[in-house]
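K.L.:
Coordinates for the following, if possible.
(chains A and B)
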2 protein chains.
Amino acid sequence: MLVHSLILLLAAGALHVESFVSTHSALRTSTFTNNAQSLNKAASKLQALEMKLGDPDEPVVIIGVAADSGCGKSTFMRRLTNIFGGSSVGPLGGGFGNGGWETNTLVSDLTTVICLDDYHLNDRNGRKVSGRTALHTDEQKFDLMTEQLSALKRGESVMKPIYNHVNGTLDTPEEVKPTPIVIIEGLHPFVDERVRDLLDFTIYLDISDEIKFAWKIQRDMMERGHSLESIQASIEARKPDFDAYIAPQRAQADVVLQVLPTKLVPEDKEGKILRTRLIQKENVKNFETAYLFDEGSTINWIPCGRKLTCSFPGIKFAYGPDTYFDNEVSVLEMDGQFDNLQELIYVEGFLSNTGTKFYGELTQNILKLSDSPGSNNGTGFLQTVIALKLREIYEKITTSQAEAA
Amino acid sequence: MLVHSLILLLAAGALHVESFVSTHSALRTSTFTNNAQSLNKAASKLQALEMKLGDPDEPVVIIGVAADSGCGKSTFMRRLTNIFGGSSVGPLGGGFGNGGWETNTLVSDLTTVICLDDYHLNDRNGRKVSGRTALHTDEQKFDLMTEQLSALKRGESVMKPIYNHVNGTLDTPEEVKPTPIVIIEGLHPFVDERVRDLLDFTIYLDISDEIKFAWKIQRDMMERGHSLESIQASIEARKPDFDAYIAPQRAQADVVLQVLPTKLVPEDKEGKILRTRLIQKENVKNFETAYLFDEGSTINWIPCGRKLTCSFPGIKFAYGPDTYFDNEVSVLEMDGQFDNLQELIYVEGFLSNTGTKFYGELTQNILKLSDSPGSNNGTGFLQTVIALKLREIYEKITTSQAEAA
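P.N.:
So this is what the prediction gives:
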């Protein structure tokens, strides 16, 4: 099994595994032994998972992802659905071609991703009347959201509304069938207590204002010809409602993925090199926080040195306990970016509790989507860690429910 | 063998090994497996070592330790001789009682420690005539030093002079017989190239001016009633010759043990909490540098956290590559002090290449001399690492010479 996984990894990209492994033989031997065992376990679990597909008694696990619009969620969703496998990832019903409307829902064999914009109370014209932005909590249909998520959790299909982003209209609802994993992503997944209670795990994507601004300049100024002033104005206009209705949800999240400017380059304004932090709440059911080297201690690590030579400005990791919104958390941080695969696999060797089933699986999953934005930096790295942890959580829930039955 | 060593460790002090070990089972399993093998090897080596005692064909390994006078060398020498074992550690010839003179030489079954002050050219009165301090290189008999160390290395006894520190006189020489390990410690072990070439390993004890001053205040002002001004004056008077003749030897040392003020407490003037740094030269024959977590990378580690609760101001470790006098080095650093054994053994678990033969041996050796100064801080910790590395170097030299014969 071990050899098999290494071959997979080698197939994924050019890699000098041998020279690397030999220098870490002691550590590796133990990791590999454990991995061989967990691989066997994993294989039988995966088989069980595949057999359960479509089983009405199979639990539906619902995961909430909170984020501002346009913050790299589509890549994140691909990373999540990718980990759970499933061959046909795509829009529900085949998209545009099917019935003339556009869906926001993404489905694969195992997962359904619902965009919460579909639960907007009013269309664009309606909001002109109400005088509220789409960020306002009064502009969401939380009753319907609760009702439909409850139904999906019970294994029942629902007729979910569609918010058309192009026209700003509310279109004809579409049928959503329950899948083992349902991900709800959008502006308000943890605002309503009833919705929150239906969620098995909660994630908040927290892009700092500096990075949002840098990304918006890249997209709206460079690519769409907007002026710097108009971009600044649109961000400023959005900020009060964002701070009032969206940001407070960070306190409710099991994990927060922060994206910040690098500290490796002083005064970096471009937002190309990122510092990313995974803030992991402690004592969350089915969730063991990922760590670097030594659980519960405080670590700073620059892997670049004699064994690994990184180009400027290098890579820096940090790990340690902290407090976040009065909760005990463990923070895993990466600043900088990877130049090549060897750096990735080297780092993976010193991480624990990442939810991988064999050494190299984290690297392998990042490589699968290597063309997607963020694959060479901490967003890709930590989003993949989150994806692996979600798989682990999913398996723990299904195993414990199967044992209870 | 493994169980035996753990029992020894438990006997050395109250320790909850079990709870600690269980949290590190994966890492421990691999360490223990390797240790079991290396213990067997070590046992046979030790047996060979004991059999060789007194064998005229046995190589004499000479180690040089450079340091200012009165910088905790006697404790360091005890740590070194302790690692090599030998039951009767004490002054050569039984000290005062034997023949009426005082010796500076310390002997055990395996080791001889020669104080280089015995090679002073003039007595105290003679230096009044020469107008030079004892720090001056022209005040040392390097020809005789070379001649006698060469003889010892060949397995021949020598009649070594004695410098009487009490009277400042040169006393009747004493006979020094070769032992498997000869340590020369003093002001000028690496100044003369011929002496340097006889040394198998070189160590420089580098106490920073701030710490020297703090220690001198403690001893000379608190205990002997000297004034602050007179202490300051004596340090200042000594400094030019020290900088000219002693300090440059740092460039020649295989390892430098730096003792500095703590960085954990801002503006700490007492010199009670120490920051210690082991600067280890790379590419030295028979010497593999000790490291923390990941060889060749840069690490900062505060072990105090969820598993280990340290009292103020805590403990901080650092490790990483650096350049020192144009040489490539690896630096292992400890700031702060240990409160109890659990912290020590916890830290030992994350160190590699320390020269130990089983997990816990480093801790065990520090505990053996727990009443000696520095046992709860980085001086005791890093001096013990040096002692273990010296044993390893000694064994490599004897093994390679035995194989060559």
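
K.L.:
Distance check, residue A:103 against residue A:121.
P.N.:
20 Å (Cβ to Cβ, to the nearest Å). (Glycine included, C-beta is placed from N, CA and C.)

K.L.:
Next: residue A:378.
P.N.:
From residue A:378 to residue A:121 the distance is 36 Å (Cβ to Cβ).

K.L.:
Mind checking which of the two has more residues around it?
P.N.:
residue A:378 (29 against 18; other Cβ atoms under 10 Å in any protein chain shown).

K.L.:
What parts of the stretch 251-400 of chain A come near chain B?
P.N.:
Applying Cβ under 8 Å from any Cβ of the partner chain, one finds that the stretch 251-400 of chain A approaches chain B through A:293-308, A:320-321, A:350.

K.L.:
if we go to 6 Å?
P.N.:
A:293, A:296-303, A:305-307, A:321 (Cβ under 6 Å from any Cβ of the partner chain).

K.L.:
Just the pLDDT at the closest residue to residue A:398 other than its chain neighbours, thanks.
P.N.:
Beyond its immediate neighbours in the sequence, the residue positioned closest to residue A:398 (Cβ to Cβ, 6 or more residues apart in numbering or on different chains) is residue A:59, lying 6.0 Å away. What the model reports as pLDDT for residue A:59 is 89.

K.L.:
can you pull out the strands in the stretch 51-200 of chain A?
P.N.:
A:61-66, A:90-91, A:106-107, A:111-115, A:158-164, A:169-176, A:181-186 (DSSP state E, counting those that start in this stretch).

K.L.:
buried set for stretch A:348-364?
P.N.:
Neighbour-count burial for stretch A:348-364, counted by 16 or more other Cβ atoms under 10 Å in any protein chain shown, picks out A:348-364.

K.L.:
where do the strands sit along the stretch 201-350 of chain A?
P.N.:
Under DSSP E, counting those that start in this stretch, the stretch 201-350 of chain A gives strands at A:201-207, A:255-261, A:274-281, A:291-292, A:298-302, A:315-324, A:327-336.

K.L.:
Give me the contact list for the shortest one.
P.N.:
With Cβ atoms under 6 Å, 6 or more residues apart in numbering or on different chains as the contact definition, strand A:291-292 has outside contacts at A:299, A:317, A:319, A:351, A:352, A:353.

K.L.:
show me where pLDDT drops low in the stretch 251-400 of chain A?
P.N.:
Applying pLDDT under 70 to the stretch 251-400 of chain A picks out residues A:269.

K.L.:
For chain A, which segments are assigned as helices?
P.N.:
A:2-12, A:17-23, A:25-52, A:73-83, A:124-130, A:142-153, A:193-198, A:209-216, A:228-241, A:341-348, A:361-368, A:378-404 (DSSP state H).

K.L.:
Do me a favour and average the pLDDT over the second one.
P.N.:
Confidence over helix A:17-23 (mean pLDDT, whole number) is 36.

K.L.:
What of the fourth one?
P.N.:
The average pLDDT within helix A:73-83 is 84.

K.L.:
what does the shortest one give?
P.N.:
In this model, helix A:193-198 carries a mean pLDDT of 98.

K.L.:
for that helix, packing partners?
P.N.:
Contacting helix A:193-198 under the criterion 3 or more Cβ pairs under 6 Å, 6 or more residues apart in numbering or on different chains; DSSP states H and E are the following elements: helix A:142-153.

K.L.:
can I have the helix it packs on written out in PDB, keeping just the CAs?
P.N.:
What follows is helix A:142-153 as a C-alpha-only set of coordinates in PDB (Å, rounded to 0.1, in the frame of the first residue of the first chain):
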ATOM      1  CA  PHE A 142     -33.500  32.300   7.200                       C
ATOM      2  CA  ASP A 143     -36.800  30.500   7.800                       C
ATOM      3  CA  LEU A 144     -36.600  28.800   4.400                       C
ATOM      4  CA  MET A 145     -32.900  28.200   4.800                       C
ATOM      5  CA  THR A 146     -33.600  26.300   8.100                       C
ATOM      6  CA  GLU A 147     -36.500  24.400   6.600                       C
ATOM      7  CA  GLN A 148     -34.700  23.300   3.500                       C
ATOM      8  CA  LEU A 149     -31.400  22.400   5.300                       C
ATOM      9  CA  SER A 150     -33.400  20.300   7.800                       C
ATOM     10  CA  ALA A 151     -35.100  18.500   5.000                       C
ATOM     11  CA  LEU A 152     -31.800  17.800   3.300                       C
ATOM     12  CA  LYS A 153     -30.400  16.500   6.600                       C
END
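
K.L.:
and the nearest residue to residue A:106 once chain neighbours are set aside, how many neighbours?
P.N.:
Nearest residue to residue A:106, sequence neighbours excluded (Cβ to Cβ, 6+ apart): residue A:113, at 4.1 Å. Residues near residue A:113, counting by other Cβ under 10 Å, number 27.

K.L.:
Touching, residue A:113 and residue A:107? I think so.
P.N.:
No. Residue A:113 is beyond contact range of residue A:107, at 7.4 Å (criterion: Cβ atoms under 6 Å).

K.L.:
Tell me, how many residues neighbour the closest residue to residue A:303 other than its chain neighbours?
P.N.:
Excluding its sequence neighbours, the residue lying closest to residue A:303 (Cβ to Cβ, 6+ apart) is residue B:297, at 4.9 Å. The number of residues packed near residue B:297 is 22, by other Cβ under 10 Å.

K.L.:
and the gap between residue B:297 and residue B:368?
P.N.:
Applying Cβ to Cβ to residue B:297 and residue B:368 gives a distance of 32 Å.

K.L.:
ditto for residue A:230
P.N.:
Distance from residue A:230 to residue B:368, by Cβ to Cβ: 73 Å.

K.L.:
next one: residue A:168
P.N.:
78 Å.

K.L.:
Over to residue A:367?
P.N.:
Distance from residue A:367 to residue B:368, by Cβ to Cβ: 51 Å.

K.L.:
For the two, indicate the residue with more neighbours.
P.N.:
residue A:367 (20 against 16).

K.L.:
Can you lay out the strands of the stretch 201-350 of chain A as a markdown table showing distance to residue A:223 and mean neighbour count?
P.N.:
Listed next are the strands of the stretch 201-350 of chain A as a markdown table, based on distance: least, Cβ to Cβ, whole Å; neighbours: other Cβ atoms under 10 Å in any protein chain shown:
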| stretch | distance to residue A:223 | mean neighbour count |
| --- | --- | --- |
| strand A:201-207 | 18 | 23 |
| strand A:255-261 | 20 | 23 |
| strand A:274-281 | 20 | 23 |
| strand A:291-292 | 37 | 22 |
| strand A:298-302 | 35 | 21 |
| strand A:315-324 | 29 | 19 |
| strand A:327-336 | 26 | 22 |
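
K.L.:
can you redo those as JSON lines with distance to residue A:384?
P.N.:
Putting the strands of the stretch 201-350 of chain A into JSON lines (distance: least, Cβ to Cβ, whole Å) gives the following:
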{"stretch": "strand A:201-207", "distance to residue A:384": "13"}
{"stretch": "strand A:255-261", "distance to residue A:384": "11"}
{"stretch": "strand A:274-281", "distance to residue A:384": "11"}
{"stretch": "strand A:291-292", "distance to residue A:384": "15"}
{"stretch": "strand A:298-302", "distance to residue A:384": "19"}
{"stretch": "strand A:315-324", "distance to residue A:384": "15"}
{"stretch": "strand A:327-336", "distance to residue A:384": "12"}
